[in-house]
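In: below is the sequence, then the predicted model.
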4 protein chains.
Amino acid sequence: MNSTAAGTTRPGSPAPGERYQSVRDLTPALCQSLEPEDYVVQTMPDVSPAKWHLAHTTWFFETFVLARYASGYVAYDPHYHYLFNSYYQSAGDMHPRPQRGLLSRPTVAEILAYREHVDQAMQELLATQADHEELEFRLTLGLNHEQQHQELLLTDIKHVFSVNPLQPAVNPDLPMAAAGAGPAACGFQALTGGIHRIGARGDGFCFDNETPRHRVLVPDCTIADRLVTNGEFREFLRDGGYREPALWLSDGWAAVQQQGWKRPLYWNEDLEHEFTLAGPRAIDPAAPVCHVSYYEADAFATWAGARLPTEAEWEVAAAESPVEGNLLETGYWHPVPANGNSPQYYGDVWEWTQSAYAPYPGFKPLAGSLGEYNGKFMCNQMTVRGGSCVTSADHIRASYRSFFYPDARWQFLGFRLARDGG
Amino acid sequence: MNSTAAGTTRPGSPAPGERYQSVRDLTPALCQSLEPEDYVVQTMPDVSPAKWHLAHTTWFFETFVLARYASGYVAYDPHYHYLFNSYYQSAGDMHPRPQRGLLSRPTVAEILAYREHVDQAMQELLATQADHEELEFRLTLGLNHEQQHQELLLTDIKHVFSVNPLQPAVNPDLPMAAAGAGPAACGFQALTGGIHRIGARGDGFCFDNETPRHRVLVPDCTIADRLVTNGEFREFLRDGGYREPALWLSDGWAAVQQQGWKRPLYWNEDLEHEFTLAGPRAIDPAAPVCHVSYYEADAFATWAGARLPTEAEWEVAAAESPVEGNLLETGYWHPVPANGNSPQYYGDVWEWTQSAYAPYPGFKPLAGSLGEYNGKFMCNQMTVRGGSCVTSADHIRASYRSFFYPDARWQFLGFRLARDGG
Amino acid sequence: MNSTAAGTTRPGSPAPGERYQSVRDLTPALCQSLEPEDYVVQTMPDVSPAKWHLAHTTWFFETFVLARYASGYVAYDPHYHYLFNSYYQSAGDMHPRPQRGLLSRPTVAEILAYREHVDQAMQELLATQADHEELEFRLTLGLNHEQQHQELLLTDIKHVFSVNPLQPAVNPDLPMAAAGAGPAACGFQALTGGIHRIGARGDGFCFDNETPRHRVLVPDCTIADRLVTNGEFREFLRDGGYREPALWLSDGWAAVQQQGWKRPLYWNEDLEHEFTLAGPRAIDPAAPVCHVSYYEADAFATWAGARLPTEAEWEVAAAESPVEGNLLETGYWHPVPANGNSPQYYGDVWEWTQSAYAPYPGFKPLAGSLGEYNGKFMCNQMTVRGGSCVTSADHIRASYRSFFYPDARWQFLGFRLARDGG
Amino acid sequence: MNSTAAGTTRPGSPAPGERYQSVRDLTPALCQSLEPEDYVVQTMPDVSPAKWHLAHTTWFFETFVLARYASGYVAYDPHYHYLFNSYYQSAGDMHPRPQRGLLSRPTVAEILAYREHVDQAMQELLATQADHEELEFRLTLGLNHEQQHQELLLTDIKHVFSVNPLQPAVNPDLPMAAAGAGPAACGFQALTGGIHRIGARGDGFCFDNETPRHRVLVPDCTIADRLVTNGEFREFLRDGGYREPALWLSDGWAAVQQQGWKRPLYWNEDLEHEFTLAGPRAIDPAAPVCHVSYYEADAFATWAGARLPTEAEWEVAAAESPVEGNLLETGYWHPVPANGNSPQYYGDVWEWTQSAYAPYPGFKPLAGSLGEYNGKFMCNQMTVRGGSCVTSADHIRASYRSFFYPDARWQFLGFRLARDGG
């Protein structure tokens, strides 16, 4: 994150202790319908058990805030540093990621007690250290980190439930979007080529990978005014899209063959139903397609005679829209059809861009262990933008960069089209 | 099992309903110290989650008894047949074994309700069908099957806890064997060569693989009067046993290299401590070595200038001893040193024999799906004998044959030596 | 091999130097139709390149004879010991088996020069050391070893050519068996149960695994008077044999699924043609089925209501027949139909038995490195008997034991049936 | 390639038939020291056997020129289309790449006959069709394709020989660079930020991925005036570079762990010798480091407080230098030290850039099967620039883009440093 811009408490914002508790309390609240058994399972290396998320986010505050600023603070349990470090090599050894699902202990109850212990220590610290800039920065970073894991927690439990033949619902009572006439035909908005600026504006928290704000040269192009829908993707599929190698990147076609992809991750083979956080539901053709890899997005674009936008094009276009949309707070926890007004830049699905995740010119990672947060992943991954239906509204912005390997599908991932020329 | 001999209720034995309930109640009782999270984890394909054992044994009665004999019985949940069939291909498709740990649902509470439902239906059936021979046979088979899974349940949860850096205890209060002078030097008892008989005697339940009782030609040989101990195995280890290919079978040496074996499965690298169902404890040099593969047993025997007994030699020798020893009921749940009197044929550890698991001459598997119980595994595995410290006392006998792949180590597996000649 | 019986030159037998040269010369002669490129390829770890066989057999004489008995002998090339040691751990490190196909050098010409160098040194040694018993034994062992590799060489090059879309012939001029009326219906000969003797008789060379000759108890049974044919196996196949798990051992069914087996290894999917050392040819329904695994043999036997013979049953029955049949010298290099008179115990195909490869009672491997020849493989493999159509006639006998993993198919492997009872 | 610019015969250039033959003849000439066995081996999926290169380049002319323009041309062998298609999915099925080393046939001699047949047909065609623009374009493309495979052929045979314990030389007589004083300290040249143009200039052949020439915004930066040397890389290594995760990209550190990297691919563990096309030789500390992955290049740059240049920075800087350097024609076939004058942009080693291989704005792949040449690889790979010591001098230019996965090391791959700011 941007260490100059971040962490300044703006007038009118809640006190640090309140902000802290409000974000922290949401994490167990998102899990409230889970049984203890549900917190344990890891279905693939990308997925972490729910209780690991509960513990890791707590470890983050313990390690990067309490251990440094709370004088005399003693680690809650000496094993937890090993168990709940994710990937901070400079902070010490860690339990191997693919083995997180092999641990039945600590139990959920024990981890909730750990959370309570750390929360209490944090509150004590925040009550006494309110004006400390680096502490304030790390507090903010920790809360943004927790929000990222709130999203991951829902994403991961969806995968866990999806492989269960019983097809359980995380929450059977999630509302459904009203059936409508479907979205209008997709329009393409012109983007005038030339020098633009992208990257964090310095008016609030940002991650280090959004910096420095810098000039980019964008070509004349047009960009779709909404996301690609289930209905459109089904046409691609019925037109033989998954059987025609000419449409695919070479690595994409290899993935189709080796992983046996025939449709988006959670679609039923009838192409009429999909698995959701509310259990199996009918596919809404008007809603954005979701849980597709970069390869599938790229193949669709080729089929449609278009391409994906670059991240610069996306950011320039998105920066003109207000940051609002179908985010966590709407309560759908699933993509919904565009209403007539919104270009869907924020929420619904993270949008694949054509840009490999790379450092911005002049990028400097944070110093110390926190420098491992973002920079070391700048290879082999593609940038995604805009947040999803399980992203908190106060967590997303035009300059936000997330990133996934091009074969990732378990996240809420979709895309919009773009075209060369004016 | 022997369909002629098995299943006759002998005078004085408890009523079927009592027998049934007594075995069934033990299964959840063995788990009483577990947390819900502990029932979920599968650490490798050989290991099943504890709640899978609870459900599968119940499915066995539902499928092979209730569905056939309880008129109008309706399956408790239509998904359970798929989820809890283990390997009965002729009974239908099944959930893949390596994925048992991916299922958080049904929960432990739901499975206990399933058990209760089936138990009630079984009691009703048994109350009205007491004289039905095939039913009686299947009841007995199901109870023996349940006892096998009771042992597996403890074996598997030991593995689950062992990979956890927290090293939890299944039961921290397990007694320890009194420290003694250590076992006497190992003696070798002569076995007179010639025609002997092995296999089930027909005086009680047996599995089909113990039949028919038949003549075998046994050579003159001697057989050790106790099991190989931790102390003896440590000598082998300190003498470089794990580094000298000349001592090992070719496949054994490949296993040592590929799996990085350096000592018995649960030994600490200090060679002084091991992981037990009571958590980490000091290794008792006088107790039988445990959790070694066939390859390790064979290499030790080569190092010691001896060999393992064949299963015929073992059975002929063991048949002269009473069926008693350190079994589940002693409550140690861990091997203990031989007292002066016992040759340790029963309990402590399953004993590797030199014999590949194969059909006895004239062997006929049971008809129908139950024929898949034993016969289809008669390739690539080695016969083990005598039961272990987590085998029920009324479940073991001289003719009992169990079997494991030669690289298996997670079971309570040990061995005794034998020698050619008189 | 039996160090007491082996190696004595019997009256009338050729001089050692002649015997030596005659066996040695056959090896390159078998390769005469190959191009240099053909000697290089390794299609799977079981297969060795032809030039490796040429070199390894030479290394065997260099290491176990010349280095020990030819005073002042200097190794031809210091790298060859590492490159051409197969699995003698006690003789030093070796080049990894699965990487034999990665070596283009030494070239075929260089290896033939190596052979010539060693042959010359051997002839000099044999000319001066004719009466040395241990030398004579090692000479005989080396020649039997070379004969084993002659068979392997043809077996391996068949596999190499089989995966080539050009389907080349090793020798397009191999004769075909005359088309006949097909074999008579399979008869079953009774074998009277009781104590028999098996193992090497001590009247010529044998390998150590054939010793000691010992008593075995054989049950009353019957054994087929010929091998199972292609036509019979095709019936099994057309009856759905490869789709019915109830017919298969558990590990066999797993192999069918994982390796996608649908028919014998070299059969075309039309079930009418197969790949042979003469290239593709029509399947002769009267000829013995070949290139089937133990699992396929066992499944066929189950389907046919029979079983495979044990190795003791096989040897007792085969010992009554003269050692003659369709062996290397007949020149077919492919199984041929039984004529009316022969029970086909020798030649055509190695016959799977129901017996796991294990030490005979009282077995002692040879001392030193040569003890690694046979004994260390006595686990996980099944005994096969009788030699094949590419086995030299003077290399096979009733007591000869070879062995393969139960999923092996690239060897000339077939089977006959047996049945319990008189 | 640029279909408008490419393929026009410029005045004074040799006749098409001469150009054709001159490039074609070089391919077998590069192999002249190889034995037939050397043409067969494939050491990993990335590597192709030498004879496959000889055949595939011939297939390219047969498929994309003769089949289309030589009326009545009949394929030389109907199997070759399957065997020697590399990755043109739209041209039909192909033999799996990892299995190219399993084919001993066709032999080298057969493939040379195939080359001669196609060469003759090409000469006949070129003699009669001299003015055909699309033909001329495809001829030029085919010759550039052949030049790429000439480089691959040397690169691949180096890998094949490197894994052979005999450490053979492809050519033991390759000259060595004169030992000198070593290169001067590395200087950094300023690159003035702003709008520049990159991409093919349209004045000769180019590949489609170099088009369209377009504007790029380059930041102020400096770029090294020579390549990083062996001596400098050895310092990094001795400073613990391969043991310090903080220096590495996350995927890079995983590669170090999983693949056991401890030094550049062909370096001996003494850090003093390396394997070359002339066999083992002493490492020249003044020569450019070679056979390092992107991850190693990036880790070195991090250690050195610098970064790699982007491909735009590289091209802008390199475009000012003449296209000359240590290329194939110098005959070293190995990187050599910089002389005082040359910035080493061309030859010696392909230079890793920080840029993921991606389409230029407005990029359009060629139509039809030839569109698979470049475009479908635009994901997961990094762009490399400048050619190497085994690249033909008339094959390289400032705008040339090649690309490899970031873990590739078997190519002649090195790097130079860059720095942010003026």
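Out: Okay, I see it. Just so we're clear, the structure is a prediction, and the values are computed from it rather than from any experiment.

In: where does the nearest residue to residue A:412 once chain neighbours are set aside land in three-state SS?
Out: Counting by C-beta to C-beta, 6 or more residues apart in numbering or on different chains, residue A:388 is the residue found nearest to residue A:412 once chain neighbours are left out, at 3.7 Å. C-beta coordinates here come from the backbone N, C-alpha and C atoms, glycine included. What DSSP: H, G, I helix; E, B strand; the rest coil gives for residue A:388 is coil.

In: and the gap between residue A:388 and residue D:367?
Out: Note on residue A:388: its distance to residue D:367, by C-beta to C-beta, to the nearest Å, is 38 Å.

In: next: residue A:307.
Out: Taking C-beta to C-beta, one finds residue A:307 at 17 Å from residue D:367.

In: which elements pack onto the longest helix along chain A?
Out: Ranked by residue count under DSSP state H, the longest helix found in chain A is helix A:133-162. Applying 3 or more C-beta pairs under 8 Å, 6 or more residues apart in numbering or on different chains; DSSP states H and E, one finds that helix A:133-162 contacts helix A:16-30, helix A:50-61, strand A:273-276.

In: I'd like those as CSV, with mean pLDDT and distance to residue B:116 appended.
Out: Formatted as CSV, the helices and strands packed on helix A:133-162 follow (pLDDT from 0 to 100; distance: least, C-beta to C-beta, whole Å):
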stretch, mean pLDDT, distance to residue B:116
helix A:16-30, 97, 31
helix A:50-61, 98, 28
strand A:273-276, 98, 31
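
In: out of those, which one sits most buried?
Out: Highest mean neighbour count among the helices and strands packed on helix A:133-162 (mean count of other C-beta atoms under 10 Å in any protein chain shown): helix A:50-61, with a mean of 25.

In: can you give me the pLDDT of the closest residue to chain C within the stretch 251-400 of chain A?
Out: Relative to chain C, the nearest point of the stretch 251-400 of chain A is residue A:260 (14.9 Å; C-beta to the nearest C-beta). For residue A:260, the pLDDT comes out at 97.

In: just the buried positions in stretch A:162-178, please.
Out: Of all the residues in stretch A:162-178, those buried under the rule 16 or more other C-beta atoms under 10 Å in any protein chain shown are A:162, A:164, A:168-171, A:174, A:177.

In: how long is that stretch end to end?
Out: Distance between the boundary residues of stretch A:162-178 (C-alpha to C-alpha, to the nearest Å) amounts to 24 Å.

In: how about stretch A:190-208?
Out: End-to-end distance for stretch A:190-208, by C-alpha to C-alpha: 30 Å.

In: just checking, residue A:291 touches residue A:404?
Out: No - if you go by C-beta atoms under 8 Å, residue A:291 and residue A:404 don't touch, sitting 11.7 Å apart.

In: which neighbours do those two share?
Out: Common neighbours of residue A:291 and residue A:404 (criterion: C-beta atoms under 8 Å, 6 or more residues apart in numbering or on different chains): A:411, A:413.

In: more neighbours, these two?
Out: Between residue A:291 and residue A:404, counted using other C-beta atoms under 10 Å in any protein chain shown, the more crowded position is residue A:291 (25 against 21).

In: look up how far residue C:232 lies from the more buried one.
Out: Residue A:291 is 51 Å from residue C:232, by C-beta to C-beta.

In: same question for residue A:37.
Out: With C-beta to C-beta as the criterion, residue A:37 and residue C:232 are 53 Å apart.

In: so between these two, which is more surrounded?
Out: Neighbours per residue, other C-beta under 10 Å: of residue A:37 and residue C:232, the larger number sits with residue A:37, 26 against 19.

In: can stretch A:206-219 be said to contact chain D?
Out: Yes - against chain D, stretch A:206-219 shows contacts by C-beta under 8 Å from any C-beta of the partner chain at A:214-217, A:219.

In: among those residues, name the ones in strands.
Out: A:214-217 (DSSP state E).

In: which one of those residues has the most neighbours?
Out: Highest neighbour count within these, by other C-beta under 10 Å: residue A:216, with 19 neighbours.

In: tell me where chain A has helices.
Out: Remark: helices assigned in chain A by DSSP H are A:16-30, A:50-61, A:67-69, A:80-84, A:108-128, A:133-162, A:230-238, A:250-259, A:294-303, A:311-318.

In: how far is the last one from where the chain is centred?
Out: Taking C-alpha atoms, centre = their mean, to the nearest Å, the mean C-alpha location of helix A:311-318 is offset from the chain mean by 18 Å.

In: please enumerate residues in contact with it?
Out: In this structure, residues lying in contact with helix A:311-318 by C-beta under 8 Å, 6+ apart are A:189, A:191, A:196, A:198, A:216, A:218, A:221, A:223, A:309, A:343, A:345-346, A:351, A:353-355, A:383, A:385-386, A:398-399, A:401, A:418.
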